[in-house]
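1. okay, predicted coordinates and the sequence, questions at the end:
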Amino acid sequence: MKTFIKRTCTYVALLGAGLAAGAASAAELRLSVETPPGHLRNRTAEHWAELIEQKTEGSVTVSIFPAAQLYKSADAVRALASGALDMSIQANPTLSQFEPNLSVLSLPAFYGASGDDVLELLAGPVGDELWDMVGRLNIHVPEAGPFLYAPNNTAYTAGKQISSYEDLSGVKLATPPSPIVVNLLKALGAAPQATPRSEIVLQLSQGQIDGLGAVTDLTIMGGKLWEAGIDHVFVDNAGWGIYIPLISQRSLDKLSKAEQAAIEEAWAETVGWAGEQSAADRAEARSVNESHGITYTEATPEQIESMKATLLAAQADIVKSGGMDADFVERADAALNGM
């Protein structure tokens, strides 16, 4: 991010001042995630929390509530905005319910993009715009920004093999709660249903859905969703998922400048670690899933190009109906193509 390097020195200077006064009345923050213990998001939250406590010398502590114990995904964002929740780490599709432009990474222009290109884009003016938009929700994104999760695939199904986009017709797919993702899958003929992460296993077991759409290998591995019946994947690298650290602005404003600086520095040290953990998880996720009986079917380049053409034809309407800023989408597209 453009201001991160400039602010780092300021953060370091602040860390040595003001913490002793805060220690007398320690702030206890709550961090909510809906993923189960052991998931990458949870491990990242734990790493961040430990560093916060170290860097504030105990004047700020963070309690982590996994598996939607406090809030389901969208409810966590609402709670952050109101100040009822202090911290979270959320995927871009979830946050896009409240800031639609975060769905830009799910648009066809990003299909097949490299992770390095996505990170470079988000470290520049496009990322600055996005985090300013999130800031208008009364939610702060730390200066060091997000980390890559994994490339999305269009369909992970239970007892139903998808070998082409035509096979998606009428298939009920639970999706992240993003209107843009839902409309993109509808344009491909699927029957997407925005579904909280915490309800997926139950809906699979009851046959309410056929699988998941626009999620990742890590989603399956982290949730052990083969136990809920997922046994096929249609692989097409349909955009990227990122995890975004979030802090309620109301909660942040209650802390001293030194404590705020410590939280920023703690995330700056966490994000690189999380990126390395994510890369390691991505490297093993497919083999782990395959070892539990999940079959992978690769989309052909011809299938992907045909699909992108279909979605690009519908993109303007999807962007408009989803409340995205068409000019912002154009800037993001131009920046990506200029890399």
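-> Okay, I see it.

2. what about the strands in the stretch 201-339 of the chain?
-> Taking DSSP state E, counting those that start in this stretch as the criterion, the stretch 201-339 of the chain contains strands spanning 211-212, 232-235, 240-248, 295-298.

3. okay, the ones you listed in JSON lines with mean neighbour count next?
-> Just so you know, the C-beta spots here come from the backbone N, C-alpha and C atoms, and that holds for glycine as well. Compiled in JSON lines, those are given as follows (neighbours: other CB atoms under 10 Å):
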{"stretch": "strand 211-212", "mean neighbour count": "28"}
{"stretch": "strand 232-235", "mean neighbour count": "22"}
{"stretch": "strand 240-248", "mean neighbour count": "24"}
{"stretch": "strand 295-298", "mean neighbour count": "13"}
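
4. closest one to His140 among those strands?
-> Within the strands of the stretch 201-339 of the chain, the stretch nearest His140 is strand 240-248; the backing value is 4.6 Å (CB to CB).

5. Arg30 - that's part of a helix, no?
-> No: secondary structure of Arg30 (DSSP: H, G, I helix; E, B strand; the rest coil): strand, not part of a helix.

6. quick one on the thing from earlier: and the strands of the stretch 201-339 of the chain as JSON lines, adding mean pLDDT and distance to Pro142?
-> Rendered in JSON lines, the data for the strands of the stretch 201-339 of the chain read as follows (pLDDT from 0 to 100; distance: least, CB to CB, whole Å):
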{"stretch": "strand 211-212", "mean pLDDT": "99", "distance to Pro142": "29"}
{"stretch": "strand 232-235", "mean pLDDT": "98", "distance to Pro142": "32"}
{"stretch": "strand 240-248", "mean pLDDT": "97", "distance to Pro142": "5"}
{"stretch": "strand 295-298", "mean pLDDT": "98", "distance to Pro142": "35"}
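
7. so which of those strands comes closest to Thr154?
-> Comparing the strands of the stretch 201-339 of the chain by their distance to Thr154 (CB to CB), the top pick is strand 232-235, with 5.5 Å.

8. just want the angle from the longest helix seen in the chain to strand 240-248.
-> For the chain, the helix that runs over the most residues, judged by DSSP state H, is helix 257-291. With axes from the mean of the first three to the mean of the last three CA atoms, to 10 degrees as the basis, helix 257-291 and strand 240-248 are set at 150 degrees to each other.

9. quick one: mean pLDDT for helix 257-291?
-> For helix 257-291, the per-residue pLDDT values average out at 97.

10. how about that helix: buried residues?
-> For helix 257-291, a neighbour-count test (16 or more other CB atoms under 10 Å) marks 258-268, 270-271, 274-275, 277-278, 281-282, 285-286, 288-289 as buried.

11. can you redo the strands of the stretch 201-339 of the chain as a markdown table with distance to Ala79?
-> What follows is the strands of the stretch 201-339 of the chain, written out as a markdown table (distance: least, CB to CB, whole Å):
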| stretch | distance to Ala79 |
| --- | --- |
| strand 211-212 | 25 |
| strand 232-235 | 33 |
| strand 240-248 | 8 |
| strand 295-298 | 37 |
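
12. and for stretch 317-324, what's in contact with it?
-> 100-101, 103-104, 107, 179-180, 183-184, 187, 311, 326, 329 (CB atoms under 8 Å, 6 or more residues apart in numbering).

13. pull out the buried residues from those residues.
-> Among the contacts of stretch 317-324, those buried by neighbour count (16+ other CB under 10 Å) are Pro100, Asn101, Ser103, Val104, Leu107, Pro179, Ile180, Asn183, Leu184, Ala187, Leu311, Val329.

14. tell me which of the residues you listed fall in helices.
-> When the buried ones among the contacts of stretch 317-324 are checked against helices using DSSP H, the ones located there are Pro179, Ile180, Asn183, Leu184, Ala187, Leu311, Val329.

15. how about the residues you listed, which pair is most distant?
-> Comparing every pair within these by CB to CB identifies Ala187 and Val329 as the most remote, at 16.0 Å.
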